[in-house]
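Colleague: everything below, folded, please.
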Amino acid sequence: MSAAALRTPLHDAHVRLGGRMVDFHGWIMPIQYAGILEEHAAVRTTAGLFDLSHMGRVRVQGRDRRAFLQKILTIDVDKVPAGKCRYTFLLNERGTIIDDLIFYADAEDDLLVVNASNREEDLEWMRKHLSGDARLVDQTAEVALLAVQGPDALHRVRTTLGVDPGGLGYYAFGRFGDYFISRTGYTGEDGFEIFLPAARAVDLWDRLISAGTPPVGLGARDTLRTEAAMPLYGNELDDTITPVDAGLEFALEMGKSPFLGQEALRGHAAPPRKRVGLLLESRRIARHGYEVYAGGKESGLITSGTFSHTLDRSIAMAYLSRDLAAPGTPVEVDIRGRQEKAAVCKLPFYRRKKT
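Modeller: Residues are numbered from 1 along each chain as shown. Down below sits the predicted model:
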């Protein structure tokens, strides 16, 4: 695949549906179809369909694969039972984040799903640390990835695919006929991610669309994940930030066998900053990189912000000094030269009702 203009197997289907196509980290992807607000609402109320085939899909094979994964991942992979997924990190020697990813513990080999923006760097990093009988197989070009997300996701998958993944718990996966399906997602809703051969992706996509599941672009995917306070690499995460800074310690298992970056984290003093949520009084949007002030002093930066139509108010995530991180703390956001009042709040902004 050319790094100049990568296309998923569904590119022509997106164009046919009127998707507004943009360059997203070298991939030509739909930012929206009917509109971000309408697509966002579909996922929160019924279900929406996503093309995630730009995400990296890397199989880890070989007799020594688990020893390799123990060395590069921040979780104890040996304690993850077959059929379960876990959120984890690749860290550099400084303990800061190369990428956040999902580990799938499979029976014969294992799967890593990495960010589209980081796939090449991740592969290069991992190859440097391969040893023994462990191999990386990049399946990104051969395997498509679709997602159905929303309260009605299970019904849409059952009726359209003719299989029933309803027995899967959250962050579990299985094989259903010809499909590899996980109960995972990036929207804050229930949903499923479906792995299948790239050659069959258009057929399944068209069947889901015909059955009434509307397509959703990257724009609504971003507003949905912001409401759910899910971090995005390049915004909340980068190679200057540790998992502790980001409040994601649940994906760090410091007592396991040594992993890359572990020693740096052990010697890491309490981080001076913390990822927090902000609720703005104004309806204006606090964009990535905008300054946050407290008592007239610049005290942090916005990492992501949007107008939440679910909550009917402007929301944002930011890194602030820890003395300002308590919910209710008043701050101000500089939005194009005007100070807008805001208050720190607990994350996430939105949490779905579980049935």
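Colleague: does D51 touch E193 like I think?
Modeller: No: contact between D51 and E193 fails when scored by CB atoms under 8 Å: they sit 11.2 Å apart. No exception for glycine: its C-beta is placed from N, CA and C like everyone else's.
Colleague: between these two, who's got more neighbours?
Modeller: D51 (26 against 23; other CB atoms under 10 Å).
Colleague: do you know how far the more buried one is from L146?
Modeller: Distance of D51 to L146, computed by CB to CB, to the nearest Å: 6 Å.
Colleague: returning to that earlier point: now the common contact residues for D51 and E193.
Modeller: Common neighbours of D51 and E193, using CB atoms under 8 Å, 6 or more residues apart in numbering, are 145-146.
Colleague: G177: what's it in contact with?
Modeller: 161-163.
Colleague: tell me the most packed of these, by neighbour count.
Modeller: L161 (22 neighbours).
Colleague: what's the nearest residue to that one if we skip its chain neighbours?
Modeller: Distance criterion CB to CB, 6 or more residues apart in numbering; nearest residue to L161, sequence neighbours excluded, is Y179 at 6.3 Å.
Colleague: tell me how far that neighbour lies from L204.
Modeller: For Y179, the distance to L204 - CB to CB - is 8 Å.
Colleague: need the overlap of contacts for those two.
Modeller: 161, 194, 196.
Colleague: quick one: buried residues of the helix or strand hosting the last one?
Modeller: This points to L196. Using DSSP states H and E, L196 sits in strand 191-197. Neighbour-count burial for strand 191-197 flags 191-196 (criterion: 16 or more other CB atoms under 10 Å).
Colleague: how much space between F192 and R158?
Modeller: F192 is 10 Å from R158, by CB to CB.
Colleague: shared neighbours, those two?
Modeller: In contact with both F192 and R158: P165, using CB under 8 Å, 6+ apart.
Colleague: one step back: what's the overlap in contacts for D51 and L146?
Modeller: With CB under 8 Å, 6+ apart as the test, D51 and L146 both reach W205.
Colleague: show the residue spans covered by the helices in the stretch 101-250 of the chain.
Modeller: Under the criterion DSSP state H, counting those that start in this stretch, helices of the stretch 101-250 of the chain are mapped to 119-128, 153-161, 201-210, 218-227.
Colleague: quick one, which of those is packed in tightest?
Modeller: Across the helices of the stretch 101-250 of the chain, the average number of neighbours (mean count of other CB atoms under 10 Å) peaks for helix 218-227, which reaches a mean of 23.
Colleague: I'd like the mean pLDDT over it, please.
Modeller: Per-residue pLDDT over helix 218-227 has a mean of 98.
Colleague: who are the packing partners of that helix?
Modeller: Here helix 218-227 touches strand 27-32, helix 36-45, strand 297-308, strand 313-321, going by 3 or more CB pairs under 8 Å, 6 or more residues apart in numbering; DSSP states H and E.
Colleague: run the chain-centre distance for that helix.
Modeller: 10 Å (CA atoms, centre = their mean, to the nearest Å).
Colleague: could you check the angle strand 313-321 makes with that helix?
Modeller: Orientation check (axes from the mean of the first three to the mean of the last three CA atoms, to 10 degrees): helix 218-227 against strand 313-321 gives 60 degrees.
Colleague: got the CA positions of helix 218-227 in CSV?
Modeller: C-alpha atoms of helix 218-227 as CSV (Å, rounded to 0.1, in the frame of the first residue of the first chain):
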residue,chain,number,x,y,z
LEU,A,218,-14.8,10.2,11.6
GLY,A,219,-16.5,13.5,12.7
ALA,A,220,-19.2,11.8,14.8
ARG,A,221,-16.8,9.1,15.9
ASP,A,222,-14.7,12.0,17.5
THR,A,223,-17.7,13.7,19.2
LEU,A,224,-18.9,10.3,20.5
ARG,A,225,-15.6,9.3,22.0
THR,A,226,-15.1,12.8,23.5
GLU,A,227,-18.4,12.5,25.4
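Colleague: now the angle between helix 36-45 and it, please.
Modeller: 50 degrees.
Colleague: how far does whatever helix or strand comes next after helix 218-227 sit from its chain's centre?
Modeller: Sequence-wise, the next helix or strand downstream of helix 218-227 (DSSP H and E) is helix 262-266. A distance of 25 Å separates the centroid of the chain from that of helix 262-266, by CA atoms, centre = their mean.
Colleague: which strands and helices lie in contact with helix 262-266?
Modeller: Packed next to helix 262-266, using 3+ CB pairs under 8 Å, 6+ apart, are strand 85-91.
Colleague: show me the chain divided up by domain.
Modeller: Listed domain ranges for the chain are 6-55+140-227, 57-138, 272-345 (source: automatic domain parsing).
Colleague: is it true that L320 touches A343?
Modeller: No: applying CB under 8 Å, one finds L320 not in contact with A343, separated by 11.7 Å.
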